[in-house]
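Undergrad: Pasted the sequence and its predicted model underneath.
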Amino acid sequence: MRWSGQTLDAADEGALPGLERSGLVRSVQPPEFEGITFHEVLCKSALNKISSDTSLPFSWTINPARGCSHACRYCFARPTHEYLDLDAGKDFDSQIVVKTNIAAVLRKELARKSWKREPVALGTNTDPYQRAEGRYRLMPGIIRALAESGTPFSILTKGTLLRRDLPLLTLAARQVDVHISISLAIHDPDLQKQLEPGTPSPRARLDLIRAVREAGLPCGVLVAPVIPFLTDGARQLDGLLEALADAGATSVSAMPMHLRSSTKDWFMSWLGENHPALVRRYRQLYGYGAYVTPEYTTWLRGRIDPLLERHGYGVDDLRSMPENVPAEPEVADRDRDPALTLF
């Protein structure tokens, strides 16, 4: 068979004990995805409930995959890979867990009488349009299931593969509210390649914004994260916002970088290698926590608000992830085993 030479024995591999009890079907290393292993699992649930005491504009999320080949150094979802006994660094970038039956499971959940058609968000944890989507094509089934059930949804992505689904998203927007946002925070292509090596270039994402607008859909942009001392310069932010306005972005929100648990170690190791002079300043800025100091947040707001106004965007408080929202929310009726709550 085509896959016979690419199948791994997960039990013998020794690095995947967290997957043994989580519906693992097989692990494959397709030659066209050099350095990446896909672990195909059968998920038990597609919808993840968000805690009701948050201020987020959605109550449910969907995550088609775990881990992300975008390999963003600052990704806050990195620690979730540790629940599977995988590391939050290279494993997160290269050991991708794919929920191959997620569209079918989602349809069953949306068909329940108890489903209230509350807003659902995609892209809150790992990117639904990372490279794995090109192989597994999970998003068309998810989009159809949501639209046909009358469920509004939003997508946040850095992946230009979303362009493939624009005709489908346009049809879905006739049935339900559809919100599309592109994440673009680094305008310098050289810095982007260092910090987000697996993502499309800034130019490609600007072209994606144009394509979304040409399809007749609004397109917001999340300038996140703003990286202290690297992307928070006035000229850098002004140039980015000018490019976003030229591409037709309909709204812009910004968020300073936060560094949770093992993500902080992974980012700081990169910073020490590439910008050692900034290490001390980062230790002062983040202290022992995951968030920048209130003083920095106030300073950044003072810098970015006039630029937003100059380019025709509304001014809003800088967004941040609430402390009590886990990167991968648990489903209320899931077994409390931390590995199983991910599926």
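TA: Looks like it arrived, so ask away.
Undergrad: Pretty sure residue 246 sits in a strand.
TA: No: assessed with DSSP: H, G, I helix; E, B strand; the rest coil, residue 246 is helix; it does not lie in a strand.
Undergrad: separation between it and residue 160?
TA: 18 Å (CB to CB, to the nearest Å). For glycine as for every other residue, the C-beta is placed from the backbone atoms N, C-alpha and C.
Undergrad: More neighbours: the two, which one.
TA: Per other CB atoms under 10 Å, whichever of residue 246 and residue 160 has more neighbours is residue 160, with 17 against 12.
Undergrad: The more buried one contacts residue 206, doesn't it?
TA: No: taking contacts as CB atoms under 8 Å, residue 160 lies outside contact range of residue 206: 10.2 Å.
Undergrad: Give me the common contacts of those two.
TA: When CB atoms under 8 Å, 6 or more residues apart in numbering defines a contact, no residue borders residue 160 and residue 206 alike.
Undergrad: where exactly do the helices run in the stretch 101-250 of the chain?
TA: For the stretch 101-250 of the chain, the helices defined by DSSP state H, counting those that start in this stretch occupy 102-110, 132-136, 139-148, 166-172, 189-195, 202-214, 234-247.
Undergrad: Dump the ones you listed into TSV; add distance to residue 314 and mean pLDDT as well.
TA: Below are the helices of the stretch 101-250 of the chain laid out as TSV (distance: least, CB to CB, whole Å; pLDDT from 0 to 100):
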stretch	distance to residue 314	mean pLDDT
helix 102-110	33	98
helix 132-136	32	97
helix 139-148	28	98
helix 166-172	24	98
helix 189-195	26	98
helix 202-214	17	98
helix 234-247	13	98
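Undergrad: of all the ones you listed, which lies closest to residue 283?
TA: helix 189-195 (19.1 Å; CB to CB).
Undergrad: which strands and helices sit next to that closest one?
TA: helix 202-214, helix 261-274 (3 or more CB pairs under 8 Å, 6 or more residues apart in numbering; DSSP states H and E).
Undergrad: and the direction of the longest helix that the chain contains versus that of helix 234-247, what angle?
TA: If each helix of the chain is counted by residues according to DSSP state H, the longest one is helix 294-310. Taking axes from the mean of the first three to the mean of the last three CA atoms, to 10 degrees, one finds helix 294-310 and helix 234-247 inclined to each other by 40 degrees.
Undergrad: in helix 294-310, what counts as buried?
TA: By neighbour count on 16 or more other CB atoms under 10 Å, the buried set for helix 294-310 is 296, 297, 300, 301, 303, 304, 305, 307, 308.
Undergrad: Stretch 36-55 now?
TA: Residues 36-41, 43-50 are the ones in stretch 36-55 that count as buried (16+ other CB under 10 Å).
Undergrad: what do you get for stretch 106-126?
TA: So, applying 16+ other CB under 10 Å, buried residues of stretch 106-126: 106, 107, 109, 110, 119, 120, 121, 122, 123, 124, 125, 126.
Undergrad: for those, which one is nearest residue 87?
TA: residue 126 (15.5 Å).
Undergrad: For the closest one, which residues are in contact?
TA: By CB under 8 Å, 6+ apart, the contact list for residue 126 reads 63, 65, 66, 67, 68, 75, 77.
Undergrad: mind redoing it with 6 Å?
TA: Applying CB atoms under 6 Å, 6 or more residues apart in numbering, we find residue 126 in contact with 65, 68, 77.
Undergrad: for residue 57, same thing?
TA: Residue 57 touches nothing, counting by CB under 6 Å, 6+ apart.
Undergrad: Ramachandran angles for it?
TA: phi -80, psi 20 (degrees, to the nearest 10).
Undergrad: Next: residue 230.
TA: The phi and psi values for residue 230, taken as degrees, to the nearest 10, are phi -120, psi -40.
Undergrad: Now tabulate the contacts of residue 126 in CSV and tack on distance to residue 184.
TA: What follows is those, written out as CSV (distance: CB to CB, whole Å):
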residue, distance to residue 184
65, 21
68, 16
77, 18
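Undergrad: Thanks a lot, catch you later.
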